[in-house]
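Novice: What shape does this take:
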Amino acid sequence: MKIQEVIDTAFAMPLTSPSYPRPPYRFTNREFFIITYRTDPDALRAVVPEPLEIDEPLVKYEFIRMPDSTGFGDYTETGQVIPVSYEGVKGGYTHAMFLNDHAPIAGGRELWGFPKKLADPCLRSDREVLIGTLDMHGVRVATGSMGYKHEALDHDEVMKSLTQPNFMVKIIPHVDGTPRILELVRYFLEDITIKGAWTAPAALELFHHAPAPVAQLPVLEVISGTHILSDLTLGLGEVVHDYLA
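Specialist: Predicted coordinates for the structure are as follows:
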C-alpha cells in the first residue's frame, strides 16, 4: 500500500480488516435494566475524575441487551454509570463496562474511550422477574433483579434521562507506554424511540473480583429500578477536556 492509500483506508485496526465498520451505529430493541443505588461518597470521589462533579453519592448499575445493532450484532453489556455534572449540566460518567462481544469492545474503546472489558453478562426475564447477571472467569460479579413491568413510567421523563450527556475518559498510550491521548469525551444518544418504560421493586448484589471491581462502589441502599425498551443511535463523541494540553 502506498502512503496515501494507508491514510485513505485507515479508520480502525487492523488496517486491512477492521474489527468494526464505520459509524453510525443504530440499535433496535435495545433493552435497559437500570438499578440506581446509594453508595459511599468517599469511594465515589476516588474514581470520578475532575472536571466532573458529584452531586449525590449515587450509582446506576446498568444491564443492557442489544439484540440488533448495526456493525456490532447481538450482544449484552453491563456496568456502572455515575450521575455527575459538567459545567452545571447533569449527565452520566461511564465508570466500568463489561460485555461479551469483541467488535463493540474494540469500537467502544477506540472511538469513544468506553472502559470496556470482556466478560459474561446476561439480561433475561424469568416468569415475573427481570434478572441481570455478570460473571467473569466463571465467578459471579453482580446480580440484579426487578419485578417485571409493574408500573409504567412517563416517557417524557425517561426521554429526559436518556438525552443527558454522557462522559468517559479516553486513554490511548504512546508506543513507550505513556499516555498519548488523555481526554474527557462527551457523547449523546440520538434519534431515540421509547417503546416502553417501567419501574418495580429492585435488588442488587455486587461481589468483589479483582479485574471487575464493581463492589468497590458498595450498595448501601437501592433507590429505584427501571426497565426501558428503545431504538436509538449511538452518537459520536467530542472532546471537552484535554488532560495533556
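
Novice: Residues contacting stretch 191-200, please?
Specialist: 26, 29, 130, 146-155, 158-159, 162-163, 224-233 (CB atoms under 8 Å, 6 or more residues apart in numbering). (C-beta placed from N, C-alpha, C; glycine too.)

Novice: Pull out the buried residues from those.
Specialist: 26, 130, 146-147, 149, 153, 158-159, 162, 225-230, 232-233 (16 or more other CB atoms under 10 Å).

Novice: follow-up on the earlier one: among the contacts of stretch 191-200, name the ones in helices.
Specialist: Among these, the ones falling in helices (DSSP state H) are His155, Val158, Met159, Leu162.

Novice: Quick check: bridge partners of the residue nearest to the first one when sequence neighbours are not counted?
Specialist: The spatial neighbour of His155 that comes closest, neighbours along the chain excluded (CB to CB, 6 or more residues apart in numbering), is Ile194 at 4.9 Å. When bridges are taken as DSSP bridges, the partners of Ile194 come out as Ser230.

Novice: please renumber so the chain begins at 30
Specialist: Right, with 30 as the first residue, what we last looked at is Ile223.

Novice: Number of residues surrounding Ile223?
Specialist: 16 (other CB atoms under 10 Å).

Novice: and Ala232, what element?
Specialist: Per DSSP states H and E, Ala232 falls inside strand 231-235.

Novice: Report the distance from that strand to the chain centre.
Specialist: Distance of strand 231-235 from its chain centroid, counting by CA atoms, centre = their mean, to the nearest Å, is 18 Å.

Novice: do stretch 197-207 as well
Specialist: Centroid separation between stretch 197-207 and its chain, computed with CA atoms, centre = their mean, is 20 Å.

Novice: got it, and stretch 35-52?
Specialist: Worked out by CA atoms, centre = their mean, stretch 35-52 lies 24 Å from the chain centre.
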